[in-house]
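Undergrad: build me a structure from this.
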Amino acid sequence: MTSKKHLTLILSLLIAGQLYSQGFYQSGIISDSQTGENISNVNIRVQGTPQGTISNSKGKFNIKVEQLPATLVISHIGYEIRYVKISKKEKDLTIILSPKSYLLDSIDVSAERVINIVKDKPLYIWDYEIFEDKLLVLAYEENSMFRPRLILMDFFGDTLCAIRVKGARELYKDCLDNVHLIGKSECYQVYYDGKKLQLLYPYPVYKIQEVLDPCHEFFNGRYYVYRFFQKKQILQYFTIEADNPKPREFATYWDSLGLVLQLDTLRFMQMGTWSEADQRFQDMVVFAPVFAPLAIIKGNIYVFDYTTGHLEHLNEDGSLKSRTVINYHLKENWREELLVDDALGKAYTVFLKNGLFTLNEIDLETGTLEDPITVPKYPFIQKMQVYDGFLYFIYKEKNFDEYKKLFKMRL
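TA: Predicted coordinates:
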């Protein structure tokens, strides 16, 4: 009961600053700027909220707006993203999308396989996040740790807008894909209206771990929230409807050996032969947390259960659609890390040997690995993310932590 009350609290705090009201439904139609034809299957969402929908076969949509002003984020894989600000209810919005130009992306302008995105800028990167179809970067100018800036740039490194920030430490992305700026004592949600960046909804830093971390994914109006039990030997996923705070059990994963060892520990403690040093060693070495990450890939729910060696494909009610054996995690140098390319619907596992990272795409049907892709000449890279066929990472160019640059590599 306590855990379910806690999960309900997580949901209510997750949307703090965006309290639900009666709101209204905003309708509209989306068309192509070149052909004038209506566009179906366009993603429309209210930025910073769980509200979202897609356009129908005639390009029409209807989306709930809880409070004003609001910004609609309009995106489609073949078109440039648009931001539409709403200050009042409109009778019917007409939204024009421009097809994406892939000319620059198709030209190999560099002989290097790995590209320094901010090579010619007097910036040193402290942190970054994929922000919709852009990069949000926390950086310092001219190597000055006293002049932090929050910069929104495209994937070529061109600055779209920037603001100065104080006391900034890092960036954090939640399960709704909102990005937060973490400061010394407060955090802020980063908001972009298509023209400028803003910092909204200040809240205490401790709520990142207590409130936002447990929310793992958001899909089809449901939050996928997790909790650990029994010294992290049991991992349980719950779902919470966006309009219903009551949590529902979704899937559970556990380490059978770890649970047995806990019973043995209790017996030793009752015999008086168990010391605090034994307990610390066991907590650090024996009881590794269950690693079974959940991922939404192309509208499908997968759980990579590395404890039992299975890749599970689940229905939205938690029932099993299919289960595939996986064993690549038993190989030497494997790391507990899963990278997902949301744009292309691909998943990668990671290996580390002699400081160099290797990525392998996971075949989601067979559970086997595709050919390895090694990041060359860049040992001990930091914060790897994959998006639209590129690997992004931070690399420390010199012997000081502040000398970091942002790189990308085509996979």
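Undergrad: from now on I want contacts and neighbour counts done on CA atoms only, so please keep to that.
TA: Fine.
Undergrad: residue contacts, Thr239?
TA: Shown in contact with Thr239 (Cα atoms under 8 Å, 6 or more residues apart in numbering): 222-225, 247-250.
Undergrad: may I have the phi/psi pair for it?
TA: phi -120, psi 140 (degrees, to the nearest 10).
Undergrad: ok, and the closest non-adjacent residue to it?
TA: Nearest residue to Thr239, sequence neighbours excluded (Cα to Cα, 6 or more residues apart in numbering): Tyr224, at 4.7 Å.
Undergrad: just the residues contacting the helix or strand that neighbour falls within, thanks.
TA: Under the criterion of DSSP states H and E, Tyr224 resides in strand 222-229. Strand 222-229 has contacts (Cα under 8 Å, 6+ apart) with 7, 175, 214-218, 234-242.
Undergrad: list the residues that contact Ile96.
TA: By Cα under 8 Å, 6+ apart, the neighbours of Ile96 are 30-33.
Undergrad: quick one: the helices in the stretch 101-250 of the chain?
TA: 103-106, 207 (DSSP state H, counting those that start in this stretch).
Undergrad: buried residues in the strand holding Tyr224, which are they?
TA: 222-228 (16 or more other Cα atoms under 10 Å).
Undergrad: of the residues you listed, closest to Ser57?
TA: Of all the buried residues of strand 222-229, Ser57 sits closest to Arg222, with 24.7 Å by Cα to Cα.
Undergrad: strand partners of the lengthiest strand in the chain, parallel vs antiparallel please.
TA: Looking across the chain with DSSP state E, the single longest strand is strand 244-254. Strand pairing for strand 244-254, determined by DSSP bridges: strand 234-241 (antiparallel).
Undergrad: what's the angle from the partner strand to strand 222-229?
TA: Using axes from the mean of the first three to the mean of the last three Cα atoms, to 10 degrees, the inter-axis angle of strand 234-241 relative to strand 222-229 is 150 degrees.
Undergrad: average pLDDT across strand 234-241?
TA: Averaging pLDDT along strand 234-241 gives 92.
Undergrad: likewise stretch 305-324?
TA: Stretch 305-324 comes out at a mean pLDDT of 96.
Undergrad: on that earlier part again, weakest of the helices of the stretch 101-250 of the chain in terms of mean pLDDT?
TA: helix 103-106 (a mean of 44).
Undergrad: most surrounded residue in the contacts of Ile96?
TA: When neighbours are counted by other Cα atoms under 10 Å, Ile30 leads the contacts of Ile96 with 24 neighbours.
Undergrad: wait, what's in contact with that one?
TA: Ile30 touches 38-40, 42, 55, 59-60, 94-97, counting by Cα under 8 Å, 6+ apart.
Undergrad: what about 7 Å?
TA: Neighbour list for Ile30: 38-39, 59-60, 94-96 [criterion: Cα atoms under 7 Å, 6 or more residues apart in numbering].
Undergrad: which strand or helix spans it?
TA: Element membership for Ile30, per DSSP H and E: strand 24-32.
Undergrad: where are the low-confidence patches of the stretch 201-350 of the chain?
TA: 242-243, 262-287 (pLDDT under 70).
Undergrad: gap between Ile296 and Asp213?
TA: According to Cα to Cα, to the nearest Å, Ile296 stands 17 Å off from Asp213.
Undergrad: likewise Leu391?
TA: 24 Å.
Undergrad: and for Leu311?
TA: The value you get for Leu311 to Asp213, if Cα to Cα is used, is 23 Å.
Undergrad: before we move on, what about His310?
TA: For His310, the distance to Asp213 - Cα to Cα - is 24 Å.
Undergrad: picking that back up, CA atoms only: put the strand holding Ile30 into PDB for me.
TA: Below are the C-alpha coordinates for strand 24-32, written out as PDB (Å, rounded to 0.1, in the frame of the first residue of the first chain):
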ATOM      1  CA  PHE A  24     -10.500  23.100 -23.900                       C
ATOM      2  CA  TYR A  25     -10.000  21.200 -27.200                       C
ATOM      3  CA  GLN A  26      -8.100  22.900 -29.900                       C
ATOM      4  CA  SER A  27      -8.700  21.700 -33.500                       C
ATOM      5  CA  GLY A  28      -6.700  22.300 -36.600                       C
ATOM      6  CA  ILE A  29      -5.500  21.000 -40.000                       C
ATOM      7  CA  ILE A  30      -2.000  20.500 -41.200                       C
ATOM      8  CA  SER A  31      -0.800  20.800 -44.800                       C
ATOM      9  CA  ASP A  32       2.300  20.700 -47.000                       C
END
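Undergrad: partners of the helix or strand following that strand in the sheet?
TA: Next helix or strand after strand 24-32 toward the C-terminus (DSSP H and E): strand 43-46. The pairing partners recorded for strand 43-46 under DSSP bridges are strand 52-54 (antiparallel), strand 70-76 (antiparallel).
Undergrad: mean confidence (pLDDT) on the last one, please.
TA: Right, strand 70-76. The model assigns strand 70-76 a mean pLDDT of 87.
Undergrad: now stretch 46-60
TA: pLDDT averaged over stretch 46-60 gives 82.
Undergrad: ditto for stretch 30-39
TA: 92.
Undergrad: ends of it, how far apart?
TA: End-to-end distance (Cα to Cα), stretch 30-39: 6 Å.
Undergrad: just to revisit the earlier point, pull the most distant pair out of the contacts of strand 222-229.
TA: Spanning the widest gap among the contacts of strand 222-229 are Ile234 and Ala242, at 25.5 Å by Cα to Cα.
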